[in-house]
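1. make a model of this:
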Amino acid sequence: MMLTSVAKVPARSSSSSRGKFEAMIGFFRGGGGWRNGSTCERAVTELQNRLRNLKKEREKRVQDRTGRIARFVDAGDVGAAFVAAEQIVREENAIRILELLYHSCEIVVANLTYIRGHSDCPREINKAVSTLAFAAPRCPDLLELWILRQLFFERYGEFYDVAAADAELEGFRGSCVDSEVARRLESRHARVPYPTTLAKVCAILHKDVGARDEELVPLDPEDLQQ
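-> Coordinates of the predicted model:
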């Protein structure tokens with residue numbers, strides 16, 4: 001994918017709350033002064049590479065676990081088959097999150113020239129940058145998200161900060177954060193309901209491995225009775 005070349009954008013002074021990210025941001029800046037546009041471009045490129053690699057790793061794990069389920073059932077170990085199916089549902093949820101974050105990166109890349117030249121934040125751009133910022137504390141291993149979170153705060157200031165805060169305080173309704181990303185990130189540690197696990201086992205046994213995109217949802221009390 002071709003990345004848009006962007007011009008230099010003056011930076012604001014760093015606050016103490018962003019001090020622990022200065023070393024990493026410095027790596028992406030390179031020499032010759034701080035260029036917001038080029039820093040953003042490098043960080044997004046690094047993040048996209050990480051997202052692609054993580055997706056491949058998780059897809060490989062899904063493939064491996066899918067192959068085990070039929071063997072577990074054939075051996076009469078239904079419990080192990082259900083454990084593998086639950087792991088697959090979680091992996092597929094994570095894969096979908098990676099895909100959505102990658103899409104937000106694509107929006108940022110496509111609009112780098114606009115982001116460089118305008119201090120306003122149209123809804124599509126706001127949704128992309130707010131989604132990436134929202135994901136940063138929930139995906140601590142993706143340090144590039146933290147870099148982008150700080151850069152976007154530098155670019156959009158209080159307007160952007162309020163938009164990100166509203167997403168957390170209002171349960172994402174009416175906020176700029178992608179609702180599917182928010183829902184999947186917040187539910188990724190929830191128990192996978194029995195019907196979802198059963199459906200996954202049946203789908204795999206019937207070779208319907210294309211039936212992805214199962215969502216994790218909070219446990220319904222009725223599931224405890226199954």
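
2. report the longest helix in this structure, please.
-> Longest helix of the chain, by residue count under DSSP state H: helix 36-74.

3. quick check: what element follows the helix or strand where Glu92 lies along the chain?
-> Assigned by DSSP states H and E, Glu92 falls within helix 78-110. Sequence-wise, the next helix or strand downstream of helix 78-110 (DSSP H and E) is helix 112-117.

4. for the helix or strand just after that following helix, the averaged confidence score.
-> The element immediately downstream of helix 112-117 (helix or strand, assigned by DSSP H and E) is helix 123-135. Confidence for helix 123-135, expressed as mean pLDDT, is 89.

5. got the angle for helix 123-135 vs helix 78-110?
-> 130 degrees (axes from the mean of the first three to the mean of the last three C-alpha atoms, to 10 degrees).

6. buried residues, helix 123-135. List them.
-> Buried residues in helix 123-135, counted by 16 or more other C-beta atoms under 10 Å: 125-135. In this view, the C-beta of every residue, glycine as well, is placed from N, C-alpha and C.

7. contacts for that helix, please.
-> Contact with helix 123-135 is made by 47, 97, 100-101, 104-105, 107-108, 111, 114-115, 121, 142, 145, 148-149, 152-153, 156, 160, 163-164, 167-168, 175-178, 181-182, 185, as judged by C-beta atoms under 8 Å, 6 or more residues apart in numbering.

8. ok, now with 7 Å
-> Helix 123-135 is contacted from outside by 101, 104, 107-108, 111, 115, 145, 148-149, 152, 160, 163-164, 167, 176-178, 181-182, 185, using C-beta atoms under 7 Å, 6 or more residues apart in numbering.

9. ok so, going back, just checking, what packs against the longest helix of the chain?
-> Helix 36-74 sits against helix 22-29, helix 78-110, helix 112-117, helix 143-169, helix 194-205, with contacts defined as 3 or more C-beta pairs under 7 Å, 6 or more residues apart in numbering; DSSP states H and E.

10. give the helix, strand or coil label for Val177.
-> coil (DSSP: H, G, I helix; E, B strand; the rest coil).

11. now the phi/psi pair for it, please.
-> Torsion angles at Val177 (phi, psi; degrees, to the nearest 10) stand at phi -70, psi 140.

12. count of residues packed around it?
-> 27 (other C-beta atoms under 10 Å).

13. go on, Ala190?
-> Per other C-beta under 10 Å, the neighbour tally for Ala190 reads 14.

14. how close does Ser130 sit to Ile88?
-> To Ile88, Ser130 is 30 Å away according to C-beta to C-beta, to the nearest Å.

15. which regions of this protein sit below the pLDDT cut-off?
-> Within the chain, the ranges that satisfy pLDDT under 70 run 1-35, 158-175, 207-226.

16. buried sites along the longest helix of the chain?
-> 36-48, 50-51, 54-55, 58, 61-62, 65-66, 68-69, 72-73.

17. do stretch 91-111 as well
-> For stretch 91-111, a neighbour-count test (16+ other C-beta under 10 Å) marks 91-98, 100-102, 104-105, 107-111 as buried.
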